[in-house]
Structure formats: structure tokens, C-alpha cells
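K.L.:
next come a sequence and a model predicted from it.
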Amino acid sequence: MIPVTESTIKRELRHTIMSITRLDNLLKSGPDNRLGEVIQRAQQIDVLTGTLKSVLPAATAENLLSANASDSGELVLVCSTSAWAARLRFESNTLLAAARKTGLTVNTCKVKVAHTIQP
């Protein structure tokens, strides 16, 4: 058993404080930082997904997992099953119109199914 001394505690505390400081500096990085860009993009995807869910029936909205728009003008939706993918394709005109209202330039809608691994 290693004896716990005051110097050991101080060293561990200093290490923890340095780690917290590095993390804090990383999270406080400006929007010109790559992490800032990733965070901003994730927020945009979240807002778009929420906007599209708001125009869908409740059951359909629950199965829309994510939405994104590509630079080529494609609205990409991710849903839980192929059955819900068919339902979202049926709603594509409504979803395209809602995406356009957010300022996006989208012309087509593509629906993908998220494949999950069963335990």
C-alpha cells in the first residue's frame, strides 16, 4: 500500500486543476476554433431537427432522429425504422417547405434509417 502524504495529495490536486484548466480553455475557444465550429454545427442540426419535428404529427416526430442539409441542397433525414422512413418520405414536401422557412436552400429530401446494434 502506498502511503498518502501531503505532497501526494498536492500533486494530484495540481494535476486535476491543470486538467480542468485545459478543458475550460478548450471549451471557451472562440467560434474560429475547430471545436467551436463543431459545436455550432451540432446546434444548427439540433435546431433544424426541432423545427422539422414541429411540423410533423407527434408519432412521426418521435421517430425523426436527426436532420441535416447538404451544400448541394439535399435535406437528409435520419429515422428509426424503414416504416417511419416511408412515412417521412410521404411528408417530404412539408419538410422541405419547413426547412426553406429557416433560410435553407433545399430541393430534394433523402431519408435514411439509423441501423442500431441489438444486444
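P.N.:
Now that the structure is in, tell me what you want to look at. Residues are numbered from 1 along each chain as shown.

K.L.:
could you check the distance from Arg34 over to Ser92?
P.N.:
According to CB to CB, to the nearest Å, Arg34 and Ser92 sit 33 Å apart. C-beta: built from backbone N, CA, C; applies to glycine.

K.L.:
repeat for Val78
P.N.:
Note on Val78: its distance to Ser92, by CB to CB, is 14 Å.

K.L.:
those two: which is more packed in?
P.N.:
Val78 (18 against 15; other CB atoms under 10 Å).

K.L.:
tell me which residues touch that one, please.
P.N.:
Leu64, Leu65, Ser66, Ala67, Val111, Lys112, Val113, Ala114 (CB atoms under 8 Å, 6 or more residues apart in numbering).

K.L.:
if you set the cut-off to 10 Å instead, what comes out?
P.N.:
49, 63-68, 85, 88, 110-114 (CB atoms under 10 Å, 6 or more residues apart in numbering).

K.L.:
for it, give its distance to Gly36.
P.N.:
As judged by CB to CB, Val78 and Gly36 stand 24 Å apart.

K.L.:
also His115?
P.N.:
From His115 across to Gly36, the span is 31 Å (CB to CB).

K.L.:
settle it for me: which of these two has more neighbours?
P.N.:
Ranked by neighbour count (other CB under 10 Å), His115 and Gly36 place Gly36 first, with 15 against 5.

K.L.:
how about the backbone phi and psi for that one?
P.N.:
Main-chain torsions, Gly36, degrees, to the nearest 10: phi -60, psi -40.

K.L.:
could you report the pLDDT at it?
P.N.:
What the model reports as pLDDT for Gly36 is 74.
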